[in-house]
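can you look at this prediction? I've put the sequence above it.
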Amino acid sequence: MIGRPAAALLACAALGTLAAASEIRPSRDFLSPELRAQQDDPSRHPGWLWVEEGEALWRRGEASCQSCHGDIAGMAGVAARYPAVAADGVLLNLEGRIERCRTQHQAQRAFGYESEPLLSLTAAVALRSRGMPVSVAVDGPAAPFVEAGRRFYETRQGQLNLACTQCHDENAGRRLRGDVISNGLGTGYPAYRLEWNALGSLHRRLRACSLGVRATQFDFGSPEYLALELYLASRANGLPIEAPGLRR
Amino acid sequence: MRAAGLLLLGLCAAWPAAGQVAPFVVTDDAIAAPLLGLAGDRARGAAVVRNRETANCLICHAIPDPRERFMGDVGPPLAGVGSRLTPGQIRLRVVDPTLVNPASVMPAYHRVAGLVNVDARYSGRPVLTAQEIEDVVAYLSGLEE
């Protein structure tokens, strides 16, 4: 849809006047007390298996991540600044940044989106920003991506004709079946989802929401979801990183 | 609001994709005539409303049935809706609630025109057929105070 705003304009569906975003709350506020406690406790959080694997990968091999960056503790605050526009104008999320290091600095084949090693490294790096406030750049080269993400977020989509904002702003806190609707932030990702029985990326969660409204599921790492990820991060600016999250 | 709804209807009727959607006329805030003149069946309608694969109404609404668990509260409870609304008003709200409230969060169950990025598996057909709409209308009309 990005680059094709005409499609949205053509639609005889009225986009509707979308209520101004009210207060945006951290995702953890919407978790059940039990899940929240479990998210905070590494010994009861299966996501830590991926974190440990990622920390091992960080050190592995001759041209290891560690050989350039030093101890992974030095990654503190990095995840809070992603997605970000690279010097060549490409919008990279944390996964994309790691894949670039892999192909350009380590001369290895990319792991591939949603692969275990990429999820593990992403979780290990993101953990170093846990509790830190999201601080993505929204101006300069990032501005058009933020705008594209906002358009996507506000456009009714799918056979069920729903926009992200209709659930995650207008109905946050209400129940959709067994779920309490949150403000739809990406701060907990990658997250261990009980329904998945595994760690998964934000784009996997976005595909689930697209499917839920019977809309096109965009590819992992697609320009649509990357811009959307940046817009979600802009909504989360100032709120704490929760990765690795724990979700039902 | 009503004028806007009628205008929208006029526009949508011109869309070629509307083949599987029954024609209807909106008067006041209702579709008075049953779609395609079909008769609805309450029991079938009760099943449609509960079906998680198709209508999935209970994701947002509660119905007066203590056996149902995990009903949503995004929409109003449907208990007593048959006393609050006429069958024609219910029909319009299930066919396409945006004709009543353009900002409605409730999906349109009998519409194909003007939707964006529809998954290929669902494109060109409405969520519910004309018969299923009539069954749902019959079921909800029977939910009286």
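Thanks, I have the structure now.

the closest residue to chain A within chain B sits in which helix or strand?
Chain A sits closest to B:G114 of chain B, with a gap of 3.5 Å, by CB to the nearest CB. Glycine gets a C-beta too; all of them are placed from N, C-alpha and C. Counting by DSSP states H and E, no helix or strand carries B:G114.

and it, its phi and psi?
Main-chain torsions, B:G114, degrees, to the nearest 10: phi 80, psi 20.

what does A:R193 give?
Per degrees, to the nearest 10, the backbone of A:R193 is at phi -110, psi 130.

for the closest residue to it other than its chain neighbours, grab the count of nearby residues.
Leaving aside its sequence neighbours, A:R193 sits nearest to A:R247 (CB to CB, 6 or more residues apart in numbering or on different chains; 4.5 Å). By other CB atoms under 10 Å in any protein chain shown, the residues close to A:R247 number 20.

how about the contacts made by the residue sitting nearest the centre point of chain B?
Centroid-nearest residue in chain B, with CA atoms, centre = their mean: B:V94, separated by 1.5 Å. By CB atoms under 8 Å, 6 or more residues apart in numbering or on different chains, B:V94 lies in contact with B:Y109, B:H110, B:L128, B:I133, B:V136, B:V137, B:L140.

just checking, A:G188 touches A:G245?
Yes - A:G188 sits in contact with A:G245 when judged by CB atoms under 8 Å, with a separation of 2.5 Å.

quickly list what's touching both of the two.
With CB under 8 Å, 6+ apart, A:G188 and A:G245 have common neighbours A:S27, A:Q39.

quick one: the helices in chain A?
Applying DSSP state H to chain A gives helices spanning A:5-10, A:33-40, A:47-59, A:65-69, A:94-100, A:116-127, A:143-154, A:164-168, A:202-212, A:223-236.

cool, chain B as well?
B:2-13, B:42-50, B:81-84, B:87-95, B:130-141.

any idea which of these is most buried?
helix B:130-141 (a mean of 24; mean count of other CB atoms under 10 Å in any protein chain shown).

helix B:87-95 and that one, what's the angle between them?
Put simply, helix B:130-141 runs at 120 degrees to helix B:87-95, going by axes from the mean of the first three to the mean of the last three CA atoms, to 10 degrees.

hmm, back to that, which one of the helices of chain B lies closest to A:R128?
helix B:42-50 (46.6 Å; CB to CB).

before we move on, back to that, can you redo the helices of chain B as TSV with mean pLDDT?
Formatted as TSV, those follow (pLDDT from 0 to 100):
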stretch	mean pLDDT
helix B:2-13	39
helix B:42-50	97
helix B:81-84	98
helix B:87-95	98
helix B:130-141	98
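
tabulate these (TSV), appending distance to B:L36.
Conversion of the helices of chain B to TSV gives the following (distance: least, CB to CB, whole Å):
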stretch	distance to B:L36
helix B:2-13	16
helix B:42-50	16
helix B:81-84	22
helix B:87-95	12
helix B:130-141	5
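
counting neighbours, what do you get for A:N197?
A:N197 has 9 nearby residues by other CB under 10 Å.

who's in contact with B:V118?
B:V118 neighbours (CB under 8 Å, 6+ apart): A:Q157, A:G158, A:Q159, A:R214, A:A215, A:T216.

I'd like to know how far the second one sits from A:Q108.
Here the distance between A:G158 and A:Q108 works out to 38 Å (CB to CB, to the nearest Å).

before we move on, back to that, got JSON lines for the helices of chain A, with distance to chain B too?
Formatted as JSON lines, the helices of chain A follow (distance: least, CB to the nearest CB, whole Å):
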{"stretch": "helix A:5-10", "distance to chain B": "6"}
{"stretch": "helix A:33-40", "distance to chain B": "16"}
{"stretch": "helix A:47-59", "distance to chain B": "25"}
{"stretch": "helix A:65-69", "distance to chain B": "37"}
{"stretch": "helix A:94-100", "distance to chain B": "23"}
{"stretch": "helix A:116-127", "distance to chain B": "25"}
{"stretch": "helix A:143-154", "distance to chain B": "9"}
{"stretch": "helix A:164-168", "distance to chain B": "5"}
{"stretch": "helix A:202-212", "distance to chain B": "7"}
{"stretch": "helix A:223-236", "distance to chain B": "9"}
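
dump the ones you listed to CSV, plus mean neighbour count, distance to B:D41 and mean pLDDT.
Converted to CSV, those look like this (neighbours: other CB atoms under 10 Å in any protein chain shown; distance: least, CB to CB, whole Å; pLDDT from 0 to 100):
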stretch, mean neighbour count, distance to B:D41, mean pLDDT
helix A:5-10, 12, 38, 34
helix A:33-40, 14, 42, 97
helix A:47-59, 19, 49, 98
helix A:65-69, 16, 64, 95
helix A:94-100, 22, 51, 97
helix A:116-127, 24, 49, 98
helix A:143-154, 19, 39, 98
helix A:164-168, 21, 32, 97
helix A:202-212, 20, 29, 97
helix A:223-236, 24, 42, 98
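
and those as a markdown table, adding distance to B:A43?
Formatted as a markdown table, the helices of chain A follow (distance: least, CB to CB, whole Å):
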| stretch | distance to B:A43 |
| --- | --- |
| helix A:5-10 | 40 |
| helix A:33-40 | 39 |
| helix A:47-59 | 46 |
| helix A:65-69 | 62 |
| helix A:94-100 | 50 |
| helix A:116-127 | 47 |
| helix A:143-154 | 40 |
| helix A:164-168 | 31 |
| helix A:202-212 | 28 |
| helix A:223-236 | 43 |
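
just list the residues touching the closest residue to A:L206 other than its chain neighbours, thanks.
Excluding the flanking residues, the one nearest A:L206 by CB to CB, 6+ apart is A:Y225, at 5.2 Å. Contact partners of A:Y225, counting by CB under 8 Å, 6+ apart, are A:L202, A:H203, A:L206, A:F218, A:D219.

give me that answer again for 7 Å
Contact partners of A:Y225, counting by CB atoms under 7 Å, 6 or more residues apart in numbering or on different chains, are A:H203, A:L206, A:F218.
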